[in-house]
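# got a structure for you, letters missing:
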C-alpha cells in the first residue's frame, strides 16, 4: 500500500459555508479560499512521488489545535497528552471538507474516490493539520 503524508502548518480551519450575493450567486468565502490554497501549496511542495490517483483512496486527517494560553501547567499537560481533547471550532467535518475540496484534482481526480476517511482533533504544541493519504486495494 502506498501512502503519503503532508503537513499544513497553522491552526486548523474548516470549510466555510457558501455565501450568496444579492443576485443569488453563490461564492466561497475568502478565508476558505486562502486556506484551501495553503493546503494545495503544501501538497505541491510535499507530494513528491504521488501522482493523481484513479482508484480508491483513503484519508486520515489529524488536526492539532493550539493549547489555550489560559491553561495551567496541569491542564496543558493533559491537553498535550490527549487526556483532554479540543471541543472548539472548527467542526471536524468542516476541516475534512476543506482538505478534500482543496486536494480534489491534485491527489485524486474526484473526491468520489475517497472510500475511507477519518479525522481526529487533538491539542499540539505546534498547531497544524497532518493529512495521510493511502491507496485502498
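That came through, no problem. All values reported here derive from a predicted model rather than from experimental measurement.

# what pLDDT does the model give residue 130?
Residue 130 is assigned 98 on the pLDDT scale.

# element containing it?
strand 128-135 (DSSP states H and E).

# for that strand, give me every contacting residue.
Strand 128-135 has contacts (C-beta atoms under 8 Å, 6 or more residues apart in numbering) with 1-10, 12, 39, 50, 53, 55-64, 95, 99, 103, 107. Every C-beta, even on glycine, is put in place using the N, C-alpha and C of the backbone.

# residues near residue 124, how many?
For residue 124, the neighbour count with other C-beta atoms under 10 Å is 18.

# I meant to write residue 23 there.
Number of residues near residue 23 (other C-beta under 10 Å) recorded here: 5.

# against residue 16, how distant is it?
Per C-beta to C-beta, to the nearest Å, residue 23 is found 20 Å from residue 16.

# need the contact list for the closest residue to residue 12 other than its chain neighbours.
Nearest residue to residue 12 in three dimensions, chain neighbours excluded: residue 63, at 3.9 Å (C-beta to C-beta, 6 or more residues apart in numbering). The contact partners of residue 63, taken as C-beta under 8 Å, 6+ apart, are 12, 90, 92, 95, 119, 120, 121, 122, 129.

# how about low-confidence regions in the chain?
1 (pLDDT under 70).

# going along the chain, name the helices of it.
Taking DSSP state H, the helices of the chain run over residues 30-46, 73-80, 92-103.

# elements contacting the shortest one?
Counting by 3 or more C-beta pairs under 8 Å, 6 or more residues apart in numbering; DSSP states H and E, the packing neighbours recorded for helix 73-80 are strand 114-124.

# elements contacting the strand it packs on?
strand 57-66, helix 73-80, helix 92-103.

# at 10 Å what do you get?
Packing partners of strand 114-124 (3 or more C-beta pairs under 10 Å, 6 or more residues apart in numbering; DSSP states H and E): strand 57-66, helix 73-80, helix 92-103, strand 128-135.
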